[in-house]
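[1] Below: sequence and its predicted model.
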Amino acid sequence: PNILSLEALGAKIAIGHDEANLGDADTVVVTSALWPTNPEYLLAKKRNLPIIHRSQALAHLASEKRLVSVAGAHGKTTSTGMIITALLGMNQDPSFVNGGVISAIGSSSQSGKGDLFVIEADESDGSFLLYDTAIALITNVDPDHLDHYGSIEAFHQVFADFANKSKELVVINSDDFGAKAVAKLITKPMLTFGEATSADVRVSEISEDAQVSFSLSYRQESYSATLSIAGRHNAINAAGAVATLIGLGFGLEESIKEVANFGGTERRFELHGERRGVKVYDDFAHHPTEVSAALNGARAVVGDGKIVTVFQPHLYSRTRLFAKEFAKALEASDEVVLLDIYAAREDPEPGVTGELILNASSNQDKIHYVNNWSDAPAVAARLAGAGDFIVTMGCGDVYKMVPEILEALES
């Protein structure tokens, strides 16, 4: 879908990498996943072309706008989508770049005429420090990307550096352990959100099933809201989005009303179909905390049915560091079809496979390690019955298995 959208806008798309793709380009934009042997990159270097990181390009595009940067280990895409949805509902016409397609809009980006620019800021490699941020939203600071940062302390410090670059305000989670540690390092004005009684924007009375309802309080005001998406964690995400909107100058009531119109983003507990009474969802969760939150949200929706999770670990380093935590998080699923690791930007590590998670589990009977992709859809289909959910989970290419699972359920 993204390729088709870009082609409709006039972009020329090449699948695969080749020197010929460089054409007469005068600037090359790269990502952190770039392999140093990439032929297009090597030719660009040979031609002495400007080569810039995608975050540098985005920083340049946003340089004349009032920039809202949303960072955090989890919840970035949803929180960014909530802010964007609210601003569009209030006729602000913002520019934005989100990490996922906002379902109601059918797009993850827009060049607007308003003075606001909202982005999902990537903390994985420190490139979010390139942004000239006006208001920073930090959803949480759960340890991740330690292969890049080396230590939890360094991970906390880079978030503090990001926050202290903001020109106006830092909006930060009052409940999260890492965020509380980072808050002690922040010198800029802060607005906190969460369930803590000390939070400036406090969320309470959370009730969840297929939707999540809650109350939000700020100063002497309090309003209730219901989201069309599931999960207790999304009530917290909504509180962060509302706090950010308050920081931008909008009122509590109108902010809650517009955030409640958010209908989700693609690959966040997204329903793809139903066969034999089994609903098949896909979710982007790829960190233990995200896996736990996604499964708890699914549990509130499935009721008495079973959850069958098809989990694809992402990155060798993350699997090695968090195998025990993944095993613990996956305990919330009734059955698990465990795939091998999606490498992304990393080279294989000896002895590091999806089996590490199986070996770390205290309930190995319900984890089915399937290292052959083609076998997994049938395994998942056999484990599910009417009233159950199958959820493909991970930020690699596991979503491509959804049509195969639906087909396996039919047969």
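    Okay, I see it. Numbering: from 1, shown residues only.
[2] tell me which residues in the helix-or-strand element of the chain with minimal mean pLDDT are buried?
    Using mean pLDDT, DSSP states H and E, helix 146-149 stands out as the lowest-scoring helix or strand of the chain, at a mean of 70. Within helix 146-149, the residues scored as buried using 16 or more other Cβ atoms under 10 Å are Tyr149. To be clear about C-beta, it is placed using only N, CA and C from the backbone, and glycine gets the same treatment.
[3] Run through the neighbouring helices and strands of that helix.
    helix 152-164, helix 316-329 (3 or more Cβ pairs under 8 Å, 6 or more residues apart in numbering; DSSP states H and E).
[4] hey, which of these is tucked in deepest?
    The highest average neighbour count among the helices and strands packed on helix 146-149, using mean count of other Cβ atoms under 10 Å, belongs to helix 316-329 at a mean of 20.
[5] outside of that helix, which residues touch it?
    144, 146-147, 286-289, 291-292, 295, 311, 313, 341, 343, 346-349, 352-354, 356-362, 367 (Cβ atoms under 8 Å, 6 or more residues apart in numbering).
[6] Keep only those of those residues that are in strands.
    Mapping those onto strands (DSSP state E) picks out 311, 367.
[7] Quick one: buried ones out of the contacts of helix 316-329?
    Buried, going by 16+ other Cβ under 10 Å: 144, 286-289, 291-292, 295, 311, 313, 341, 346, 352-354, 356-358, 360-361, 367, out of the contacts of helix 316-329.
[8] and Gly10, how many neighbours?
    The burial count assigned to Gly10 is 6, neighbours taken as other Cβ atoms under 10 Å.
[9] Would you mind measuring from the residue nearest to the spatial centre of the chain to Ala241?
    For the chain, Thr77 is the residue whose C-alpha lies nearest the centre (Cα atoms, centre = their mean; 4.6 Å). As for Thr77, its distance to Ala241 is 12 Å (criterion: Cβ to Cβ, to the nearest Å).
[10] Over to Ser103?
    In terms of Cβ to Cβ, Ser103 sits 16 Å off from Ala241.
[11] And those two? Which one has more around it.
    When Ser103 and Ala241 are compared for neighbours, Ala241 comes out ahead with 32 against 17, by other Cβ under 10 Å.
[12] Please determine how far that one is located from Asn98.
    12 Å.
[13] before we move on, back to that, give me the contact list for the least confident helix or strand of the chain.
    So helix 146-149 is contacted by 124-126, 152, 155, 158, 315, 317-318, 321, 346 (Cβ under 8 Å, 6+ apart).
[14] Mind exporting the C-alpha coordinates of that helix to PDB?
    Coordinates of the C-alpha atoms in helix 146-149 are reproduced here as PDB (Å, rounded to 0.1, in the frame of the first residue of the first chain):
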ATOM      1  CA  LEU A 146      21.100  -1.400  24.400                       C
ATOM      2  CA  ASP A 147      23.100  -2.800  21.500                       C
ATOM      3  CA  HIS A 148      23.500   0.800  20.500                       C
ATOM      4  CA  TYR A 149      23.700   2.600  23.800                       C
END
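[15] Okay, now the sheet partners of the helix or strand containing Leu137, with direction.
    According to DSSP states H and E, Leu137 maps onto strand 135-138. Strand pairing for strand 135-138, using DSSP bridges, gives strand 66-71 (parallel), strand 169-173 (parallel).
[16] Next secondary structure after the first one?
    Just to be clear, that refers to strand 66-71. helix 76-89.
[17] So for the following helix or strand past that next one, mean pLDDT?
    Next helix or strand after helix 76-89 toward the C-terminus (DSSP H and E): strand 95-102. What strand 95-102 shows for mean pLDDT is 92.
[18] Also stretch 273-280?
    94.
[19] would you list every one of the helices in the stretch 301-411 of the chain?
    Listed in chain order, the helices of the stretch 301-411 of the chain (DSSP state H, counting those that start in this stretch) span 316-329, 355-360, 376-383, 402-410.
[20] export those helices to TSV and tack on mean pLDDT and distance to Ile135?
    Output for the helices of the stretch 301-411 of the chain, formatted as TSV (pLDDT from 0 to 100; distance: least, Cβ to Cβ, whole Å):
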stretch	mean pLDDT	distance to Ile135
helix 316-329	93	30
helix 355-360	94	38
helix 376-383	97	42
helix 402-410	96	36
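[21] As CSV, these with distance to Glu254 would be great.
    CSV is the format used below for these (distance: least, Cβ to Cβ, whole Å):
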stretch, distance to Glu254
helix 316-329, 36
helix 355-360, 45
helix 376-383, 44
helix 402-410, 37
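[22] mind checking how far the nearest residue to Ala381 once chain neighbours are set aside is from Ala181?
    In space, and not counting its chain neighbours, Ala381 is closest to Ala408: 3.8 Å by Cβ to Cβ, 6 or more residues apart in numbering. As judged by Cβ to Cβ, Ala408 and Ala181 stand 45 Å apart.
[23] and if you look at Ala360?
    Taking Cβ to Cβ, one finds Ala360 at 26 Å from Ala181.
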